[in-house]
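[1] Model the structure of this input:
(one chain, ligands or ions: 2)
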Amino acid sequence: MKRIFSGVQPTGNLHLGNYLGAIRNFVGLQADYDCIYCVVDMHAITVWQDPKELVANTREVTAAYLAAGIDPKKSIIFNQSQVSAHAELAWIFNCVARLGWMNRMTQFKEKAGKHRENASVGLYAYPTLMAADILAYKASHVPVGEDQKQHLELTRDIAIKFNGDFGREVFPVTEPLIFGSATRVMSLRDGSKKMSKSDPSDYSRITMTDDADAVAKKIRKATSDSELIPGPEILGDDGKPDEELRRARPEAFNLLTIYAALADVELGEVLRDFEGKGFADFKKALTEVAVENLGPIGSEMKRLTDAPDHVDDVLRDGAARAREVAEPVLREVYDVVGF
Ligand code: ADP
Ligand code: NA
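    Ligands and ions are numbered 1, 2, ... in the order given. Now for the predicted structure:
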């Protein structure tokens, strides 16, 4: 059986990058895989989260899953803390993973920054919890962005070492599912940075709940340039823009890429349609396609979070179904370990 596990942290400010890079893809995978979509609240608290906001943000991610089209009858939607197998398996994996492996994790270095001594132990151990998330369900595939590739590699190393140490093929070696080039959305203000939840500037991101006015304003203020939009001849055989050109105009190409992703067309088609136009015109069209796509999702998210009973029911039911899958795996692991 092909099974997917993936998750989003309930850390607020869900944005266009989260939608195009993750959540929208989750919807499509339901046709071919048995899907488990988690709200990873235990990952979120590796950095400080206000408890009241954590509750609201957990509902927000759940609402985004539902509003985007994840079907809770088909897929399992739940929050991580409600299925204790994640924490239990993570401990075992802390005893399988080697310090040398963990010390190579670049995301910890980035997130801990200069004040590494002050980072939580949980932030350091994040990748072993992620391995537990995936392997508690023996997931065969994980959709990953660039930023999570190294962590999935670690998950594979843990599965191989566990199976080898105990001489039993308990865990699969999970494969990455990597999506097309439209998955990396950059900040609207600075094309060298990823669009992110934690950017201090609200104008750096379009959130999934921004209304039409907010979307229009953010796109109007987005950094672009005064050059005209090039034609499709700048694309290579791989459909990607010439790297030197792209690097010279990162914000311009980010906006063009966002348009292609939202309209669900190739970049070449966007360049054909807008060749020779300036960004003032293009931004109007981008606003239209953004509002058309995100508007209905944002209003459905608001409806769901205003009266959160349905969202809470989905999470409760999802956790019960997740336990049915994860608990037998944990019992098997405990038996193999000698507990
Ligand atoms: P963030 O990175 O914004 O804090 P998460 O770590 O919860 O959010 O990531 C949730 C998902 O969204 C992950 O699959 C991640 O790869 C994806 N994602 C986050 N930011 C972007 C972005 N700017 N472009 C594309 N995908 C993104
Ligand atoms: Na991330």
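
[2] just for this structure, where's the confidence low?
    179-183 (pLDDT under 70).

[3] Three-state assignment for the residue of it found nearest ligand 1, please.
    Ligand 1 sits closest to Gly21 of the chain, with a gap of 2.0 Å, by CB to the nearest ligand atom. No exception for glycine: its C-beta is placed from N, CA and C like everyone else's. Following DSSP: H, G, I helix; E, B strand; the rest coil, we place Gly21 in the helix state.

[4] That one: neighbour count?
    Using other CB atoms under 10 Å, Gly21 is surrounded by 22 other residues.

[5] Tell me the spacing between Gln230 and Ser84.
    If you look again at residue 230, you'll see it is Pro, not Gln. 54 Å (CB to CB, to the nearest Å).

[6] So the two - more neighbours on which side?
    Pro230 (19 against 13).

[7] Any chance of the backbone angles for that one?
    Backbone torsions of Pro230, given as degrees, to the nearest 10, read phi -80, psi 170.

[8] what about the strands in this structure?
    Applying DSSP state E to the chain gives strands spanning 3-8, 34-39, 76-79, 141-143, 175-177.

[9] can those strands go into a markdown table with extra columns for distance to ligand 1 and mean neighbour count?
    Listed next are the strands of the chain as a markdown table, based on distance: least, CB to the nearest ligand atom, whole Å; neighbours: other CB atoms under 10 Å:
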| stretch | distance to ligand 1 | mean neighbour count |
| --- | --- | --- |
| strand 3-8 | 4 | 23 |
| strand 34-39 | 10 | 24 |
| strand 76-79 | 13 | 24 |
| strand 141-143 | 7 | 21 |
| strand 175-177 | 11 | 15 |
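
[10] Residue numbers of this protein in contact with ligand 1?
    8-9, 11, 17-18, 21-22, 145, 147-148, 183-185, 194-197 (CB under 6 Å from any ligand atom).

[11] count of residues packed around the closest residue to Ser201 other than its chain neighbours?
    Leaving out its chain neighbours, the residue that sits closest to Ser201 by CB to CB, 6 or more residues apart in numbering is Arg189, at 5.7 Å. For Arg189, the count of nearby residues is 18 (other CB under 10 Å).

[12] And Pro172, by the same measure?
    Pro172: 16 neighbours (other CB under 10 Å).

[13] my guess is the residue of the chain closest to ligand 1 contacts Lys194, does it?
    No - using CB atoms under 8 Å, Gly21 makes no contact with Lys194, being 9.2 Å away.

[14] Okay then, goodbye and thanks.
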